[in-house]
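Peer 1: Using only what follows, build the 3D model:
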Amino acid sequence: SGVSWVNADGVSGINVEIENPQALASAIEEVMNEENYARFSKSAKERFETHFLDSKMIDSCIRIYEELR
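Peer 2: Here you go, the predicted structure:
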């Protein structure tokens, strides 16, 4: 799905196994902890700015196409 690449587990959030409601509930509780929420939010913003800005994504795509030539 790409979720584990977009969200770095334990850094910008928590990834859980599919079809595991207990793991999902536990992750939600962990994210709702004020300290964890602040840490995940900060890291998610940094990850977004590092990997997912339009300019970053375009540059990455161009680099891939140039390597394929």
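Peer 1: What's the first helix or strand after the lengthiest helix in the chain?
Peer 2: Using DSSP state H, we find that the single longest helix of the chain is helix 34-51. Following helix 34-51 in sequence order, the next helix or strand is helix 54-68 (DSSP states H and E).
Peer 1: what does that next one rub up against?
Peer 2: Helix 54-68 is contacted by residues T50, H51 when judged by CB atoms under 8 Å, 6 or more residues apart in numbering. Using the backbone N, CA and C atoms, a C-beta is placed for each residue, glycine as well.
Peer 1: Run the angle between that helix and helix 34-51 for me.
Peer 2: With axes from the mean of the first three to the mean of the last three CA atoms, to 10 degrees defining the directions, helix 54-68 sits at 50 degrees from helix 34-51.
Peer 1: Using PDB, write out every CA atom in helix 54-68.
Peer 2: The C-alpha trace of helix 54-68 is given here as PDB (Å, rounded to 0.1, in the frame of the first residue of the first chain):
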ATOM      1  CA  ASP A  54       6.300  18.900  -5.100                       C
ATOM      2  CA  SER A  55       9.800  20.000  -5.900                       C
ATOM      3  CA  LYS A  56      11.300  17.000  -4.100                       C
ATOM      4  CA  MET A  57       9.000  14.500  -5.800                       C
ATOM      5  CA  ILE A  58       9.600  16.000  -9.200                       C
ATOM      6  CA  ASP A  59      13.300  16.000  -8.700                       C
ATOM      7  CA  SER A  60      13.200  12.400  -7.600                       C
ATOM      8  CA  CYS A  61      11.200  11.300 -10.600                       C
ATOM      9  CA  ILE A  62      13.500  13.200 -13.000                       C
ATOM     10  CA  ARG A  63      16.500  11.500 -11.400                       C
ATOM     11  CA  ILE A  64      14.900   8.100 -11.800                       C
ATOM     12  CA  TYR A  65      14.100   8.700 -15.500                       C
ATOM     13  CA  GLU A  66      17.700  10.000 -16.200                       C
ATOM     14  CA  GLU A  67      19.100   6.800 -14.600                       C
ATOM     15  CA  LEU A  68      17.000   4.700 -16.900                       C
END
